[in-house]
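Engineer: Here is my input, please return the structure:
(2 chains)
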Amino acid sequence: MELLINMVLLTLLAVITVGIIRVRNLFGVVVLAGAYSFLMASVMIVLDAVDVAMTEASVGAGISTVLALGALHLTKTEEAPPRYSAMIPLFVAVGTGAMLIYGTWGLPAFGLADTPMNTGVGLDYLNRNYGETNIPNVVTSVLASYRGFDTLGETTVIFTAGIGVLLLLKRFQREG
Amino acid sequence: MRLDTILRVISKLFIPFIFIFALYVQLHGDYGPGGGFQAGVILAAGVILYAIIYGLNAAKRAVPIRLVEFLIPLGVLIYGAVGVWGLLVGDNYLEYNNLSHGNQPHGQERGVFWVEIGVLVTVASTMIAIFYAFAGRGRE
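Structural biologist: This next block holds a predicted model:
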């Protein structure tokens, strides 16, 4: 059953990718990209990564779509015809894809219990977490407590990104 | 937008539920999936939906841009203050073990709660601020 769901989702992802490449209307591309993010979130749920799925659905499908539509509002909706040949980008994309697939050959099988990430520090967190923090969701306790410094850094990154975007965009705004 | 009666009515019905869901994701993050980051984005999505349906000016009246710009650094400061709080009760920076008079799991829960509030405040206000900046540029 899980295999079937995965195959359907991944096939739809491939179809949408082809659609994004073929469609020249940018509005259509933005909508397709939102659908892509939702499918990706569904894949994450099948993989039991619900926290990631939630982030993907809200940021990828929600906020990015709105921001892309906001950017579309300022430009034309038809994609301009390409000025250069697509050969070099195609070569880079195929090369990167081939290298990534080659890299997956070295990965352990999905969900295997005796891999380094499931026996080392990950298992340690799972064993110690509830007694030390009383928080059942290990993702939350690792993010906010064990790796609190990392999350402070992430929050600072968001803060910096927000300030940067505001500095860039606010200058051109009308007063009021 | 006079013709969008259905959109207006439905979104008016939906927005409170979006906010409540954001609070649920925030406060239930200890037990289920979610946390400050996801809740912040959902909260911002509610405000952005309001801005899309009712116009940017209505949204700016409800959530003023000055408030949003005040909240962006406030979240990081809350986060950092939890670390200083740990220092004051004799722990390391960002260590929560002593935050509740030496009751370690309780202190951890306290620390995580406030840290997540900080993340929520910064993420939500940053998203709203970026949306305002994008949407406010207008067509030239």
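Engineer: quick one: contacts for the spatially closest residue to residue B:101 that is not a sequence neighbour?
Structural biologist: Closest residue in space to residue B:101, ignoring its immediate chain neighbours: residue B:107 at 8.0 Å, by C-beta to C-beta, 6 or more residues apart in numbering or on different chains. Glycine gets a C-beta too; all of them are placed from N, C-alpha and C. Applying C-beta atoms under 8 Å, 6 or more residues apart in numbering or on different chains to residue B:107 gives the contacts B:96-101.
Engineer: got any ranges where chain A has weak pLDDT?
Structural biologist: A:171-176 (pLDDT under 70).
Engineer: Do any residues in the longest helix along it lie close to chain B?
Structural biologist: Scanning chain A for the helix with the most residues, using DSSP state H, yields helix A:148-170. Yes - residues of helix A:148-170 are located near chain B by C-beta under 8 Å from any C-beta of the partner chain, namely A:148-149, A:151-152, A:154-156, A:158-159, A:161-163, A:165-166, A:169-170.
Engineer: Buried residues of that helix, list them for me.
Structural biologist: Neighbour-count burial for helix A:148-170 flags A:148, A:151-152, A:154-155, A:158-159, A:162, A:165-166, A:169 (criterion: 16 or more other C-beta atoms under 10 Å in any protein chain shown).
Engineer: Kindly reformat these as CSV containing distance to residue A:47.
Structural biologist: Shown next, in CSV, are the buried residues of helix A:148-170 (distance: C-beta to C-beta, whole Å):
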residue, distance to residue A:47
A:148, 26
A:151, 22
A:152, 28
A:154, 22
A:155, 26
A:158, 25
A:159, 30
A:162, 30
A:165, 31
A:166, 36
A:169, 36
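Engineer: Out of these, which comes closest to residue B:41?
Structural biologist: Among those, residue A:158 lies closest to residue B:41 (C-beta to C-beta), at 10.4 Å.
Engineer: Not counting residues beside it along the chain, what's closest to the closest one?
Structural biologist: Once flanking residues are discounted, residue A:158 sits nearest to residue B:126: 5.3 Å by C-beta to C-beta, 6+ apart.
Engineer: Quote the end-to-end distance of stretch A:17-32.
Structural biologist: End-to-end distance of stretch A:17-32 (C-alpha to C-alpha, to the nearest Å): 8 Å.
Engineer: how about the one helix or strand residue B:82 maps to against chain A, any contact?
Structural biologist: Assessed by DSSP states H and E, residue B:82 sits inside helix B:65-88. Yes - using C-beta under 8 Å from any C-beta, helix B:65-88 reaches chain A at B:69, B:72-73, B:75-76, B:79-80, B:83.
Engineer: Please name every helix or strand in contact with that helix.
Structural biologist: The contact analysis (3 or more C-beta pairs under 8 Å, 6 or more residues apart in numbering or on different chains; DSSP states H and E) places helix B:65-88 against helix A:148-170, helix B:104-135.
Engineer: mind checking which of those helices is nearest residue A:140?
Structural biologist: helix B:104-135 (6.6 Å).
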